[in-house]
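Enquirer: any chance you can model this:
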Amino acid sequence: QVQLVESGGGLVQDGGSLRLSCTTSGRTFNWYAMGWFRQAPGKERDFVAAITWSSDTPYYADSVKGRFTIYKDAAKNTVYLQMDSVKPGDTAVYYCAAATSYRGRSVQILRAYDYWGQGTQVTVSS
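Expert: Okay, the predicted model is just below:
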């Protein structure tokens, strides 16, 4: 059984910063990639950022490029999302996801991932 637990969400002002964490536990995998997605009320779950585990290659949605940074601490089985210069449009539930292998799918799509966390709410006030 694999668990992904997100933390670090909360209320932040427009232009502020927040750091999300996602720690995996349970059965150990050599992950192919881990990513962050977000879902605002009434909208689909969208890609935010991802990182490949072996090469540390980051990927970002255009909407967060230059403001968000994804990085990992392999020893802690944890991936982070540093969110800077946040905007009200960043308000959403943020989900962490983990992919066990590359199956020809972009890390920017939901189907690339095998495990998901329960989500953490991020609210940006204007």
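
Enquirer: spatially central residue (nearest the centroid) of the protein, please.
Expert: Ranked by distance to the mean C-alpha position of the chain (CA atoms, centre = their mean), the top residue is Trp36 at 1.9 Å.

Enquirer: name the SS class of that residue, please.
Expert: Of the three states, Trp36 takes strand under DSSP: H, G, I helix; E, B strand; the rest coil.

Enquirer: what's the nearest residue to it if we skip its chain neighbours?
Expert: Val48 (4.3 Å; CB to CB, 6 or more residues apart in numbering). The way it works is simple: take the backbone N, C-alpha and C, and place the C-beta from them, glycine included.

Enquirer: check contacts around that neighbour.
Expert: Gly35, Trp36, Phe37, Arg38, Tyr60, Ala61, Val64, Phe68, Leu81, Tyr94 (CB atoms under 8 Å, 6 or more residues apart in numbering).

Enquirer: quick one: strands adjacent to the helix or strand hosting it?
Expert: Using DSSP states H and E, Val48 maps to strand 45-52. Paired strands of strand 45-52, with direction, are strand 33-39 (antiparallel), strand 58-60 (antiparallel) (DSSP bridges).

Enquirer: between those strands, which gets nearest to Val122?
Expert: Across the strands paired with strand 45-52, Val122 has its closest neighbour in strand 33-39 (7.6 Å, CB to CB).

Enquirer: how far does that closest one sit from the chain's center?
Expert: 4 Å (CA atoms, centre = their mean, to the nearest Å).
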